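Participant: what shape does this take:
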Amino acid sequence: MPHERDFLSITDMSPDETRWLLQRAMELKAASPGSAKPLAGKRVALLFEKPSLRTRVSFQIGIAELGGYSLYMSPDEVGLGRREPVSDVARVLSGYVDAVVARVNSHESLVGLAEYGSVPVINALSDVEHPCQTMADLLTIAETHGSTDGINLAYIGDGNNVARSLCLGAPAVGMNFAIAAPHGYQLEESVFDAASARGVRADDGPRPTVHPLVRPEDAVKDANVVYTDVWTSMGDEAETEQRLVAFQGYTVDDALMRKAAPGACFMHDMPAHYGEEVPPGMLEHPQSVAYQQAHNRLHAQKAVLEFLLS
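Facilitator: Now for the predicted structure:
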């Protein structure tokens, strides 16, 4: 059986495909739920090693609205790489389902599922990337600002999986990206190189820029979007105390938002650790689009599912 395309990284979609997916997500959002059934008869396994609210609910509802059927499998039910080798899980699931959506502890598990399986594998979060979140983020920015071209995105905080996918995804749709992170928590230089190489602007303007910075104030200057995430991601809990010290001064609050461009929006992928990267109530800030961003997971992922399966 020929191997289908996977979505393990935001870079698995070309810049043109990414723009097309954003447009398609807008169309799906505007349409009546269930009005089209491109996944009719399709079966999708949801293989989750980590807890989830937005990811699980949005995928299950999205698959159903597209006419497909989903089966959720918890960590204890599969024991990916423990109870059974990833290669065996991949081969067995490929005989039952038409796609695997996997939320894993290690990105290598995703790579194994894709290598040994024969159906599309979608990254629903790994320790390396979170491409589905980035698709929803780009959709939200396009809705909020009318376009992604020329938009300045400032990410404040840890150079984690969310930051990595954003850095690689934003330039592909014409956005400038800057990240302010403490020394030792910055993204890898190879990520910045790859992001710069993917930079494309539809209006033939200057190529998008990518900047690693330290001071949040420097990153948010002229920013149209200010984005943050938790200082301690799932799997990094042992580093909580040292991260609380390292990230002092990286809280995104009203004072920092006032240093961004007029009309800038605030984004957070959630869940939030109130009192750390944001103060209580920040997700309800007048400039916040965090809940719109969360709801857009549904529409962006429906576009990805349709693209890969129909």
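Participant: show me the domain layout of this structure.
Facilitator: 10-129+297-309, 133-294 (automatic domain parsing).
Participant: need the ones you listed in JSON lines with mean neighbour count, can you?
Facilitator: C-beta here means a position set from N, CA and C on the backbone, and glycine is covered the same way. Compiled in JSON lines, the domains of the chain are given as follows (neighbours: other CB atoms under 10 Å):
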{"stretch": "domain 10-129+297-309", "mean neighbour count": "19"}
{"stretch": "domain 133-294", "mean neighbour count": "19"}
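Participant: got those domains as a markdown table, with mean pLDDT and distance to E4 columns?
Facilitator: Formatted as a markdown table, these follow (pLDDT from 0 to 100; distance: least, CB to CB, whole Å):
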| stretch | mean pLDDT | distance to E4 |
| --- | --- | --- |
| domain 10-129+297-309 | 95 | 4 |
| domain 133-294 | 97 | 18 |
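Participant: quick check: chain neighbours aside, which residue is closest to D254?
Facilitator: H285 (6.7 Å; CB to CB, 6 or more residues apart in numbering).
Participant: distance check, the one you found against L21.
Facilitator: Here the criterion is CB to CB, to the nearest Å. By it, H285 lies 29 Å from L21.
Participant: and if you look at V220?
Facilitator: 28 Å.
Participant: thought V225 was touching A261?
Facilitator: No. Under the criterion of CB atoms under 8 Å, V225 makes no contact with A261, lying 9.1 Å away.
Participant: now list whatever residues contact both of these two.
Facilitator: Between them, V225 and A261 have N152 as joint contacts when contacts are counted by CB atoms under 8 Å, 6 or more residues apart in numbering.
Participant: setting aside sequence neighbours, what's the nearest residue to C167?
Facilitator: C167's closest residue in space is A195 (CB to CB, 6+ apart), at 4.8 Å.
Participant: surely the one you found forms part of a helix?
Facilitator: Yes. Per DSSP: H, G, I helix; E, B strand; the rest coil, A195 lies within a helix segment.
Participant: so who does it touch?
Facilitator: Applying CB under 8 Å, 6+ apart, the residues near A195 are C167, L168, A170, P171, F177, V210.
Participant: tell me what the longest helix seen in the chain is packed against?
Facilitator: The longest helix of the chain (DSSP state H) is helix 290-309. Secondary-structure packing of helix 290-309 (3 or more CB pairs under 8 Å, 6 or more residues apart in numbering; DSSP states H and E): helix 15-30, helix 54-65, strand 99-103, strand 121-123, helix 131-145, strand 265-268.
Participant: could you dump the ones you listed to a markdown table with distance to Q292?
Facilitator: Shown next, in a markdown table, are the helices and strands packed on helix 290-309 (distance: least, CB to CB, whole Å):
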| stretch | distance to Q292 |
| --- | --- |
| helix 15-30 | 11 |
| helix 54-65 | 12 |
| strand 99-103 | 22 |
| strand 121-123 | 22 |
| helix 131-145 | 6 |
| strand 265-268 | 9 |
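Participant: which one of those lies nearest to G157?
Facilitator: strand 265-268 (9.9 Å; CB to CB).
Participant: which of the contacts of A195 fall in helices?
Facilitator: Among the contacts of A195, the ones falling in helices (DSSP H) are C167, L168.
Participant: mind listing what the most centrally placed residue in the chain touches?
Facilitator: Ranked by distance to the mean C-alpha position of the chain (CA atoms, centre = their mean), the top residue is Q133 at 2.2 Å. The contact partners of Q133, by CB under 8 Å, 6+ apart, come to L125, V162, S165, D269, R297.
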